[in-house]
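*Asks:* Build me a model from this:
(one chain, ligands or ions: 1)
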Amino acid sequence: MPREYTPGDVAVPPTPSATPATGPDPLGPDAADPAVLPTHEPAAADLARAAARTAGDLLAPPAPVRLGDVIPAPERVAPDPTADFVLPEDAVIRVSPGPAARDVAEQLAEQLRPATGYPLPVAEAADDGTDGQLALSLSGPTAPAPAPAVNSAPADRLGDEGYRFQVTSADVRIVAATPAGLFHGVQTLRQLLPTAVESPAPVPERWVVPGGLIVDRPRFPYRGAMLDVARHFFGVADVLRVIDHLARYKLNHLHLHLTDDQGWRIAVDSWPRLAPMGGATEVGGGPGGWYTAADYRRIVRYAARRHVTVVPEIDLPGHTNAALLAYPELAPDKVAPPPYTGTEVGFSYVDPADERTYDFVSDVLGEVAALTPGPWLHIGGDEAFKVKGEAYTGFIERAQRIVAATGKTVVGWHQLAPAAHLDGRVLQWWGTNGDDPVVAEAVRRGARLILSPGNHSYLDMKYAPDTPIGHDWAGLIDVRRSYDWDPGTHVADVPAEAVLGVEAPLWTESVTSLAEIEFMLLPRLPALAELAWSPRTTHDWAGFRDRLAGHGPRWDRAGIAFHRSPEIPWPAEPAQPAVPRQPTAETADRTSDQVHPDPAGTPAPPPATNGA
Ligand code: TNX
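*Replies:* Take a look at the predicted model:
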């Protein structure tokens, strides 16, 4: 459970003064400005809103959600039951000047408008006393967090991603040093509104936010998930939706496993056959697919708007059958292999003894780096069983240098450990036994770790023996197992300071659709997000389980498939069936820059759940 404090413990910090406004005041004479108010909607929608409002007014309090009911658990929570806030229909969202903060406010409005039916205009923060009911303020990158939130707590800094969230009966104020912090605060607000906020259409509801104060910031800077788009290909729209799930739980990295034996999924101009030939199939022999540069940029852009960084992986020197069939000159025997649609690993590799291989590595990594604004470039390095000893470490050392030459920081699976250290390098540890002296030694030489323990964080592991899809080589991973470990102490002789964060990988040998992705992600992703974000002092399975239970109805409302794990006390099934989510403007035009087959269409119904 998050630590809770009685209201008397709280020293309510002064409200930071609003930044001078330069834009129109939506409460003033410019209120009819079409740039401020949304465009007129059809009469039917107005009627629905009116009916919803009338019914909502008849509904009784109290706030259905408690202030501490947030995943990941916030660092500090101080409820004040006398200060619940009710969102009025004419609420205005006020935000500090600047496009990045403004965009967070716009996203808040986009999230709240469908269910509330309220116009929720967004305007710049005012200095004339006309504050909005929802206020997002940037406190400046170096400003300390406003006063200790709780008596006796040391003065804090909100840092790059933290936020302060204060609810009074008059307003909800989110303060952060950065737009990312504001964005995380907005995710908290979303979770603290009633479940119906997830509805894609107006519903009768009293939009209460529980009163009090949250001061929050992440434990680890790197919090991620991986999607394997190589074993089965997933189109842009599916990836965007996965990004939505990450953002909801304050995860800030999406690792895309772009290449493997079964498919090469990213167009490379300098080696033009890679994608069309190497991307033309997938596990089971389906049509596969690949991302054009425009597709990839679109994913990166969509992620960036949600403060998620894309980490591209080109898996080398193994897992390369798809590349070899397009360019047999890279193969040790210079013979093109047939397309591979099975699920074995470790049989393919690019020839580490041929200089042409390093041209290939430089060209591909150079192009992918140029398409990627984030700092990371992942070179795989796992399961290259046929490239042994010095042939392997020599290849990796060159590849690490090639990455450094692109200006990116190299990331690789922990098999990279024996190769020489390169400044800044990051190893992604996927072991199942935390006693790993080779990795601990690489950390002593300067490597940092991303933790993806196979037996806790692998989202392709089955939940239970009868889970219809997934593997079990690392054991079964139910929600409790995904939650019950500590990234700060998990690998022996690796100090918490060397841990950059946590990532939950979803390999897709057996995962073929968006519904199946969601079934494997949820509800385990929130558990891993909490390990990555929340201070260890909040770690508590019973409390987490109760908080998680409240998210089932939210996913139902949003039309998101998930596994009804029997460990979680889900509330009774919703009275009405889940409403399928309406595509947003951003996800709707999925075909605009898609020039290749995209087999992932309408999601199939989720697979049967075990026992629930
Ligand atoms: C191991 S974890 C792999 C992948 C498989 C996965 C299946 C890692 C770096 N390599 O190639 O897809 O197991 O769980």
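*Asks:* Please report how far residue 270 lies from the ligand.
*Replies:* 26 Å (C-beta to the nearest ligand atom, to the nearest Å). (C-beta placed from N, C-alpha, C; glycine too.)
*Asks:* Around the ligand, pick out the residues from the protein.
*Replies:* The chain comes close to the ligand at residues 345, 382-383, 413, 430, 458, 460, 471, 507, 509, as judged by C-beta under 6 Å from any ligand atom.
*Asks:* Let's see which of these end up in strands.
*Replies:* Using DSSP state E, the subset of the residues of the chain next to the ligand located in strands is residue 413.
*Asks:* Go through the residues of the chain next to the ligand and flag which are in helices.
*Replies:* In helices, judged by DSSP state H, none of these are found.
*Asks:* Residue 408 is in contact with residue 424, correct?
*Replies:* No: with contact defined as C-beta atoms under 8 Å, residue 424 does not count as touching residue 408 (9.5 Å).
*Asks:* Could you single out the nearest of the residues of the chain next to the ligand to residue 65?
*Replies:* Nearest to residue 65 among the residues of the chain next to the ligand: residue 458, at 31.3 Å, using C-beta to C-beta.
*Asks:* so what's the closest one closest to, chain neighbours aside?
*Replies:* residue 474 (5.4 Å; C-beta to C-beta, 6 or more residues apart in numbering).
*Asks:* same thing with residue 180?
*Replies:* Nearest non-adjacent residue to residue 180 (C-beta to C-beta, 6+ apart): residue 307, at 4.2 Å.
*Asks:* what's the helix or strand for that neighbour?
*Replies:* Applying DSSP states H and E as the criterion places residue 307 outside every helix and strand.
*Asks:* and it, how many neighbours?
*Replies:* 23 (other C-beta atoms under 10 Å).
*Asks:* Could you give the number of residues near residue 200?
*Replies:* 16.
*Asks:* Pretty sure residue 132 sits against residue 88.
*Replies:* No: using C-beta under 8 Å as the test, residue 132 is too far from residue 88 to be in contact (10.9 Å).
*Asks:* between these two, which one's more packed in?
*Replies:* residue 132 (25 against 10).
*Asks:* The more buried one - that's part of a strand, no?
*Replies:* No: counting by DSSP: H, G, I helix; E, B strand; the rest coil, residue 132 is located in no strand; its state is coil.
*Asks:* Skip the chain neighbours and tell me the closest residue to it.
*Replies:* Here the residue nearest residue 132, using C-beta to C-beta, 6+ apart, is residue 94, at 3.2 Å.
*Asks:* any idea which element that neighbour lies in?
*Replies:* Going by DSSP H and E, residue 94 is in strand 93-95.
*Asks:* swap in residue 191?
*Replies:* Going by DSSP H and E, residue 191 is in helix 179-192.
*Asks:* C-terminal to that helix, what's the next element?
*Replies:* Helix 179-192 is succeeded, C-terminally, by strand 208-209 (DSSP H and E).
*Asks:* mean confidence for that next one?
*Replies:* Averaging pLDDT along strand 208-209 yields 98.
*Asks:* quick one: contacts for residue 90?
*Replies:* 118-119 (C-beta atoms under 8 Å, 6 or more residues apart in numbering).
*Asks:* Same question for residue 257.
*Replies:* Residue 257 neighbours (C-beta under 8 Å, 6+ apart): 226-230, 313, 315, 505, 507.
*Asks:* Between all of the residues you listed, which two are separated the most?
*Replies:* 227 and 315 (13.8 Å).
*Asks:* related to what we said a few turns ago, what's the spacing between the residue nearest to residue 180 and the ligand?
*Replies:* 26 Å.
*Asks:* now swap in residue 290 and tell me
*Replies:* As judged by C-beta to the nearest ligand atom, residue 290 and the ligand stand 19 Å apart.
*Asks:* tally of neighbours for that residue?
*Replies:* So residue 290, with other C-beta under 10 Å, has 28 neighbours.
*Asks:* so it touches residue 277, yeah?
*Replies:* No: look at residue 290 against residue 277 with C-beta under 8 Å: they stay out of range, at 10.0 Å.
*Asks:* Between these two, which contacts overlap?
*Replies:* With C-beta under 8 Å, 6+ apart, residue 290 and residue 277 have common neighbours residue 264.
*Asks:* Right, and the ligand sits closest to which residue of the stretch 301-450 of the chain?
*Replies:* Nearest to the ligand, among the residues of the stretch 301-450 of the chain, is residue 382, at 3.4 Å (C-beta to the nearest ligand atom).
*Asks:* any idea how far the ligand is from the nearest residue to residue 570 once chain neighbours are set aside?
*Replies:* Spatial nearest neighbour of residue 570, chain neighbours left out: residue 552 (4.4 Å); criterion: C-beta to C-beta, 6+ apart. Using C-beta to the nearest ligand atom, residue 552 is found at 26 Å from the ligand.
*Asks:* Show the pLDDT at residue 552.
*Replies:* So residue 552 comes in at 97 (pLDDT).
*Asks:* mind listing the helices in the stretch 301-450 of the chain by residue range?
*Replies:* 321-326, 355-371, 389-405, 437-444 (DSSP state H, counting those that start in this stretch).
*Asks:* what residues does the third one touch?
*Replies:* Under the criterion C-beta under 8 Å, 6+ apart, residues 316-317, 352-353, 358, 361-362, 365, 369, 377, 379, 381, 384, 387, 409-410, 412, 416, 418-420, 422-423, 425 lie in contact with helix 389-405.
*Asks:* Can you flag the buried ones in the residues of the chain next to the ligand?
*Replies:* Among these, the ones that count as buried by 16 or more other C-beta atoms under 10 Å are 382-383, 413, 430, 458, 460, 471, 507, 509.
*Asks:* Any chance of JSON lines for these, columns pLDDT?
*Replies:* Output for these, formatted as JSON lines (pLDDT from 0 to 100):
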{"residue": "382", "pLDDT": "98"}
{"residue": "383", "pLDDT": "97"}
{"residue": "413", "pLDDT": "98"}
{"residue": "430", "pLDDT": "98"}
{"residue": "458", "pLDDT": "98"}
{"residue": "460", "pLDDT": "98"}
{"residue": "471", "pLDDT": "98"}
{"residue": "507", "pLDDT": "98"}
{"residue": "509", "pLDDT": "98"}
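*Asks:* I'd like to know which of those is nearest to residue 209.
*Replies:* Residue 209 lies nearest to residue 458 out of those, by C-beta to C-beta, at 36.1 Å.
*Asks:* thinking the closest one is in contact with residue 505, fair?
*Replies:* Yes: judged on C-beta under 8 Å, residue 458 makes contact with residue 505 at a distance of 6.0 Å.
*Asks:* Give the residues shared as contacts by the two.
*Replies:* 430, 452.
*Asks:* Excluding chain neighbours, what is closest to residue 477?
*Replies:* Nearest one to residue 477, counting by C-beta to C-beta, 6+ apart, is residue 461 at 4.2 Å.
*Asks:* Any figure for the gap between the one you found and residue 532?
*Replies:* Going from residue 461 to residue 532 by C-beta to C-beta, to the nearest Å gives 18 Å.
*Asks:* Just want to know which of the two has more residues nearby.
*Replies:* Neighbours were counted for residue 461 and for residue 532 using other C-beta under 10 Å; residue 532 has more, 28 against 24.
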